[in-house]
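Asks: after the sequence you'll find the predicted model.
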Amino acid sequence: MTPFTVGTRLPGAQGRTGVLSTPHGDIRTPAFIAVGTKATVKAVLPESMSDLGAQAVLANAYHLYLQPGPDIVENGGGLGSFMNWPGPTFTDSGGFQVLSLGAGFKKVLAMDVKGLQSDDVIAAGKTRLATVDDDGVTFKSHLDGSKHRFTPEISMQIQHQLGADVIFAFDECTTLMNTREYQERSVDRTQAWAVRCIDEHRRLTASRAGKPYQALFGVIQGAQYEDLRRQAVRDLLPLGFDGFGIGGALEKENLGTIVRWCCEEMPEAMPRHLLGISEPDDVFTAIENGADTFDCVSPSRVARNGAIYSPDGRYNLVTARYRRDFSPLAEGCDCYTCANYTRAYLHHLFKAKEMVSCTLATIHNERFIVKLVDDVRRSIEDGSFAEFRAEFLSRYYAAKRLGPQNEGPGRSSTNDGHLRY
RNA sequence: GGCAGGUUGCCCGAGUGGCCAAAGGGAGCUGACUGUAAAUCAGCCGCGCAAGCUACGGGAGUUCGAAUCUCUCACCUGCCA
């Protein structure tokens, strides 16, 4: 039972439009799924998320398990009802937290240890809070240090209590620095866990008859290795997942290739979710190569730190040059913030550490990415995908190409080329 | 009037002979952020490209060497009359 319908195909590529149906409504794909880790998109009301066109929200099983606890969310009517979000919801399994609390893989470290192969990597200044074994993960709560354990079964139980429309299998997310040998073992482990997730999911689904159907997506790992990625899909396919999540360690330059490998191995009718991606260039790449949905913290996190998306690149609004800039955040933007406020005002709010600065900036950034993906979808439908991408990206990166002395918002540097989930 | 204490870089504030262009905050400036341990984190922050210069209330001293010791002037704060 795969409630996914393919619409327009992108010629010569894996990309397509479609509709993903859930008990709480349809998602027109490709779609950006806003992240609301702790059952809230930080700083923004659900009504605002609806107004800006967000189609679905993704929360996190690990965080909601620790606080407030899945039983409370369940008693609150399930994730959507609890947080007053009427539309479709997703939950991530907590698999990513095994990485972020375990290895604490961060950019600083990635640069310091580049080329180094290590299976026991911890970011500077971080304490390892999680350890993995074949049966599951033991971790300490980042909130109070208490000890907990997740297994595939427990993650399924939690996600069933949370009640999201789309849930993910419990997986192990590795880093680019793990050895090939470790990546192999890890993919095997994720596969074994997938089997257990499916079993538990079916058991729970049967025992909870009458509840809205929850779709379970398997998660594909395998880092940068083509054979591991393709094999991971082939191994997961017969298990009967409703869709797939593509996760794991990869370099930005390999994003499209990796998504393509995975999607080429899947039946066309399978919905594909790319975990943790939303930079504009990555959005085009991911969609072209077959991703239907993707979620990312970036628009909201970056907004809270004063970075603003615009057609001319991402820029830092807190910079002094915007103190007296009375134009909207982005030219031509139709969001609530741009309709009513100026850069100078938001700059002031950020400097004064006023809370609405986060709200207004997040509304803008979320709208920017949602609209970008909507526009991409339309461009696939009317056959102008390639032109739209060329046009958008050439403008988006124009400021950067002209160099730092160039006026107008733009990025002055790129990241280290590593993506972390 | 007497006694005691104080005056440090944009602000607060440590430092009581050399390791002090001076701790630590804040402010300011810049950068980063991709399944959220993030309203976070990192770097810079007297002038100068540099040799070096100017700096710890003002001035004068002691000393090889002073933000640190002495004298003096100015202002501030307590307590006693």
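Replies: Cool, got the structure.
Asks: any residue of stretch A:373-385 up close to RNA strand B?
Replies: No: Stretch A:373-385 does not reach RNA strand B (CB under 7 Å from any atom of the strand); its nearest approach is 13.1 Å. Just so you know, the C-beta spots here come from the backbone N, C-alpha and C atoms, and that holds for glycine as well.
Asks: element containing the residue of the stretch 251-400 of chain A found nearest RNA strand B?
Replies: Using CB to the nearest atom of the strand, the closest approach of the stretch 251-400 of chain A to RNA strand B is made by residue A:276 at 2.4 Å. Using DSSP states H and E, residue A:276 sits in no helix or strand.
Asks: so it sits right up against residue A:295, yeah?
Replies: Yes: applying CB atoms under 8 Å, one finds residue A:276 in contact with residue A:295, separated by 6.7 Å.
Asks: ok, back up a step: what's the pLDDT at the residue of the stretch 251-400 of chain A closest to RNA strand B?
Replies: We have a pLDDT of 95 for residue A:276.
Asks: and it, how many neighbours?
Replies: Here the number of neighbours of residue A:276 (other CB atoms under 10 Å) works out to 21.
Asks: for it, what are phi and psi?
Replies: Main-chain dihedrals, residue A:276, degrees, to the nearest 10: phi 80, psi 30.
Asks: close to RNA strand B: what parts of the stretch 1-150 of chain A are there?
Replies: So far as CB under 7 Å from any atom of the strand goes, the stretch 1-150 of chain A lies against RNA strand B at A:35, A:37, A:41-42, A:58, A:60, A:63, A:92-93, A:95-97, A:99-101, A:104, A:106-107, A:126-127, A:129, A:142.
Asks: go ahead and list the helix or strand containing the residue in chain A sticking out farthest from the centre.
Replies: Using CA atoms, centre = their mean, the residue of chain A lying farthest from its centre is residue A:324. It sits 34.7 Å away. Of the helices and strands defined by DSSP H and E, none includes residue A:324.
Asks: just to check, it is in contact with residue A:344?
Replies: Yes: taking CB under 8 Å as the definition, residue A:324 is a contact partner of residue A:344 at 5.7 Å.
Asks: pull out the buried positions in stretch A:180-196.
Replies: A:182-191, A:193-194, A:196 (16 or more other CB atoms under 10 Å).
Asks: quick check, distance from that stretch to the centre of its chain.
Replies: How far stretch A:180-196 lies from its chain's middle: 21 Å, per CA atoms, centre = their mean, to the nearest Å.
Asks: put the alpha carbons of stretch A:131-142 into PDB.
Replies: This file holds the C-alpha atoms of stretch A:131-142, laid out as PDB (Å, rounded to 0.1, in the frame of the first residue of the first chain):
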ATOM      1  CA  THR A 131      27.200   4.000  21.800                       C
ATOM      2  CA  VAL A 132      26.000   1.500  19.200                       C
ATOM      3  CA  ASP A 133      25.900  -2.200  19.300                       C
ATOM      4  CA  ASP A 134      24.200  -4.700  17.000                       C
ATOM      5  CA  ASP A 135      21.000  -4.800  19.000                       C
ATOM      6  CA  GLY A 136      20.500  -1.100  19.500                       C
ATOM      7  CA  VAL A 137      21.900   2.100  21.000                       C
ATOM      8  CA  THR A 138      22.600   3.100  24.500                       C
ATOM      9  CA  PHE A 139      22.700   6.800  25.200                       C
ATOM     10  CA  LYS A 140      22.600   9.400  27.800                       C
ATOM     11  CA  SER A 141      20.000  12.100  27.700                       C
ATOM     12  CA  HIS A 142      21.500  15.400  26.600                       C
END
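Asks: give me the mean pLDDT for that stretch.
Replies: pLDDT averaged over stretch A:131-142 gives 91.
Asks: what comes up buried for it?
Replies: Across stretch A:131-142, burial judged by 16+ other CB under 10 Å covers A:132, A:136-140.
Asks: and that stretch, how far out from the chain's middle?
Replies: With CA atoms, centre = their mean, you get 22 Å for stretch A:131-142.
Asks: likewise for stretch A:81-92?
Replies: On CA atoms, centre = their mean, the centre of stretch A:81-92 falls 15 Å from the chain's centre.
Asks: list the contacts for residue A:161?
Replies: A:70-71, A:73-74 (CB atoms under 8 Å, 6 or more residues apart in numbering).
Asks: would you list the phi and psi of it?
Replies: Backbone torsions for residue A:161, taken as degrees, to the nearest 10, come to phi -70, psi -40.
Asks: go on, residue A:28?
Replies: The phi/psi pair for residue A:28 (degrees, to the nearest 10) reads phi -80, psi 120.
Asks: on that earlier part again, can you pick out the most distant pair from the contacts of residue A:161?
Replies: Among the contacts of residue A:161, the pair separated by the greatest distance (CB to CB) is A:71 and A:73, at 7.4 Å.
Asks: now residue A:397: closest residue in space that isn't a chain neighbour?
Replies: residue A:313 (6.6 Å; CB to CB, 6 or more residues apart in numbering).
Asks: who's the one you found bridged to?
Replies: residue A:310 (DSSP bridges).
Asks: so how far is residue A:253 from it?
Replies: 19 Å (CB to CB, to the nearest Å).
Asks: which of these two has more residues huddled nearby?
Replies: residue A:313 (20 against 12).
Asks: and the pLDDT at that one?
Replies: 96.
Asks: out of the buried residues of stretch A:131-142, name the ones that lie in strands.
Replies: A:132, A:137-140 (DSSP state E).
Asks: okay, now the closest residue to residue A:342 other than its chain neighbours: neighbour count?
Replies: Nearest residue to residue A:342, sequence neighbours excluded (CB to CB, 6+ apart): residue A:326, at 4.5 Å. Neighbourhood size, residue A:326 [other CB under 10 Å]: 10.
Asks: does residue A:35 touch residue A:302 like I think?
Replies: No: judged on CB under 8 Å, residue A:35 makes no contact with residue A:302 at a distance of 12.0 Å.
Asks: pull the distance from stretch A:60-73 to the chain's centre.
Replies: Once both centres are worked out by CA atoms, centre = their mean, stretch A:60-73 turns out to sit 19 Å from its chain's centre.
Asks: show me the contacts for the residue lying closest to residue A:156 once chain neighbours are set aside.
Replies: Leaving aside its sequence neighbours, residue A:156 sits nearest to residue A:200 (CB to CB, 6+ apart; 4.1 Å). By CB under 8 Å, 6+ apart, the contact set of residue A:200 is A:152-153, A:156-157.
Asks: wait, which of those is closest to RNA strand B?
Replies: Nearest member of these to RNA strand B, counting by CB to the nearest atom of the strand, is residue A:152, at 11.8 Å.
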